[in-house]
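*Asks:* here you go, sequence then predicted model.
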Amino acid sequence: EAGVTQSPTHLIKTRGQQVTLRCSPISGHTSVYWYQQALGLGLQFLLWYDEGEERNRGNFPPRFSGRQFPNYSSELNVNALELEDSALYLCASSLSWDRPNTEAFFGQGTRLTVV
Amino acid sequence: GEDVEQSLFLSVREGDSSVINCTYTDSSSTYLYWYKQEPGAGLQLLTYIFSNMDMKQDQRLTVLLNKKDKHLSLRIADTQTGDSAIYFCALRGGSQGNLIFGKGTKLSVKP
């Protein structure tokens, strides 16, 4: 069974540009989480989608946005890129929040470099 | 909001036991996890414990949960050089529902 897949694996963008990152959850998982891992800062929670709806949002500016599609895949969009957006962006998926077995599994991440 | 604290570094000798500690603030957390991240990679789920348990053992890994003190630990027996990685404690449940992570503990294993 395929795990969580993210694309692209690496990306270089120029300051001010926009970027879209993609995540496909494990089959049967309806929750998708996005995290930013910048150097030395641990994992910062960005967004959580479940059953197509945004359930929670971390302390990030509105230029970070996303959505979840009917097939439960998800996109993370970042507008007006800044140098400090350079980070590893990790996506995780799990069964729906109200199910008892709710381990979250992570993809390998997208390494975004803003120059 | 939820706060999860871990010490940043731990160094042990090969063959010794490693104990990585985590404290948290939200006592309503229902699921507690340990993840491992090797250099340049994503996060690998190692083990988890439900809040109604106080111990879980899985091969070389032992998770201890002290709900009264809001303290979670991961013990790795017979630590190997391949165990060198960053270990993250994570909580789920409580008021937010999504996973909240500590900053990670970098485990270095010396031969």
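*Replies:* Everything's here; your move. Source: prediction; values computed, not measured.
*Asks:* name the SS class of whichever residue of chain B sits closest to chain A, please.
*Replies:* Chain A sits closest to B:Lys103 of chain B, with a gap of 3.6 Å, by Cβ to the nearest Cβ. (Each C-beta comes from the backbone N, C-alpha and C, glycine too.) Classification of B:Lys103 using DSSP: H, G, I helix; E, B strand; the rest coil returns coil.
*Asks:* burial measure for A:Gln6, as a count.
*Replies:* Residues lying near A:Gln6 (other Cβ atoms under 10 Å in any protein chain shown) number 22.
*Asks:* how about the residues of chain B near chain A?
*Replies:* B:31, B:33, B:35, B:41-45, B:48, B:88, B:90, B:92, B:96-104 (Cβ under 8 Å from any Cβ of the partner chain).
*Asks:* just those residues: which are in strands?
*Replies:* Using DSSP state E, the subset of the residues of chain B next to chain A located in strands is B:Tyr31, B:Tyr33, B:Tyr35, B:Leu43, B:Gln44, B:Leu45, B:Tyr48, B:Phe88, B:Ala90, B:Arg92, B:Ile100, B:Phe101.
*Asks:* so who does A:Arg67 touch?
*Replies:* The neighbours of A:Arg67, taking Cβ atoms under 8 Å, 6 or more residues apart in numbering or on different chains as the test, are A:Tyr49, A:Ser74, A:Glu75.
*Asks:* give me the buried entries from the ones in strands among the residues of chain B next to chain A.
*Replies:* Buried members of those, scored by 16 or more other Cβ atoms under 10 Å in any protein chain shown, are B:Tyr31, B:Tyr33, B:Tyr35, B:Leu43, B:Tyr48, B:Phe88, B:Ala90, B:Arg92, B:Ile100, B:Phe101.
*Asks:* where does chain B have low pLDDT?
*Replies:* Scanning chain B for pLDDT under 70 picks out the ranges B:1-2, B:93-97.
*Asks:* cool, chain A as well?
*Replies:* Counting by pLDDT under 70, the ranges of chain A that qualify are A:1, A:97-101.
*Asks:* so which residue of chain A comes closest to chain B?
*Replies:* For chain A, Cβ to the nearest Cβ, closest residue to chain B: A:Gly42, 3.6 Å.
*Asks:* residue contacts, the closest residue to that residue other than its chain neighbours?
*Replies:* Counting by Cβ to Cβ, 6 or more residues apart in numbering or on different chains, the nearest residue to A:Gly42 once its immediate chain neighbours are dropped is B:Lys103, at 3.6 Å. By Cβ under 8 Å, 6+ apart, the contact set of B:Lys103 is A:Leu41, A:Gly42, B:Glu5, B:Gln6, B:Leu8.
*Asks:* one more time with 7 Å, if that's ok
*Replies:* A:Gly42, B:Gln6, B:Leu8 (Cβ atoms under 7 Å, 6 or more residues apart in numbering or on different chains).
*Asks:* quick revisit: now, which of the ones in strands among the residues of chain B next to chain A sits nearest A:Glu82?
*Replies:* B:Phe101 (22.8 Å; Cβ to Cβ).
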